[in-house]
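> coords below, sequence missing:
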């Protein structure tokens, strides 16, 4: 059975997360720099909606997602923030 477009998109999100998480430190978490690179490289239109607040907005996104305050975000935290970013950009 072939993956549906949505399934393929979900697999791509998982792959992308792990590709960026592997850049430094823990292979299962993203640092602030890894999150910035992931967003800028892979969702530039969404990042562009942040406008001139972009660097601060990504840092704030990370701060809010880092529930454990360990300066790392796990897959679940990153996925939640990505969903919030999509929601914020969705036309009402």
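On my side now, so go ahead. Quick caveat: nothing in here was measured; it's all calculated off a predicted structure. Residues are numbered from 1 along each chain as shown.
> Quick check: buried residues in stretch 7-17?
Residues of stretch 7-17 classed as buried by neighbour count (16 or more other CB atoms under 10 Å): residue 17. Yep, even glycine has a C-beta here, placed from its N, CA and C like the rest.
> what is the mean pLDDT for it?
Averaging pLDDT along stretch 7-17 yields 95.
> Same check on stretch 59-77?
Stretch 59-77 comes out at a mean pLDDT of 90.
> can you pull out the helices in the protein?
5-21, 32-42, 44-48, 54-65, 75-89 (DSSP state H).
> which outside residues touch the third one?
The one in question is helix 44-48. 39-40, 54, 58, 85-86, 89 (CB atoms under 8 Å, 6 or more residues apart in numbering).
> By neighbours, which of those residues wins?
residue 39 (23 neighbours; other CB atoms under 10 Å).
> Is it in contact with residue 62, as I believe?
No. The pair residue 39 and residue 62 fails to qualify as a contact (CB atoms under 8 Å) at a distance of 9.7 Å.
> returning to that earlier point: highest mean neighbour count across the helices of the chain, which stretch is it?
helix 32-42 (a mean of 18; mean count of other CB atoms under 10 Å).
> Which elements pack onto that one?
Judged by 3 or more CB pairs under 8 Å, 6 or more residues apart in numbering; DSSP states H and E, helix 32-42 is in contact with helix 5-21, helix 44-48, helix 54-65.
> now those as a markdown table including distance to residue 35?
A markdown table is the format used below for these (distance: least, CB to CB, whole Å):
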| stretch | distance to residue 35 |
| --- | --- |
| helix 5-21 | 8 |
| helix 44-48 | 11 |
| helix 54-65 | 5 |
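> For residue 77, which of the ones you listed is the nearest?
helix 54-65 (4.4 Å; CB to CB).
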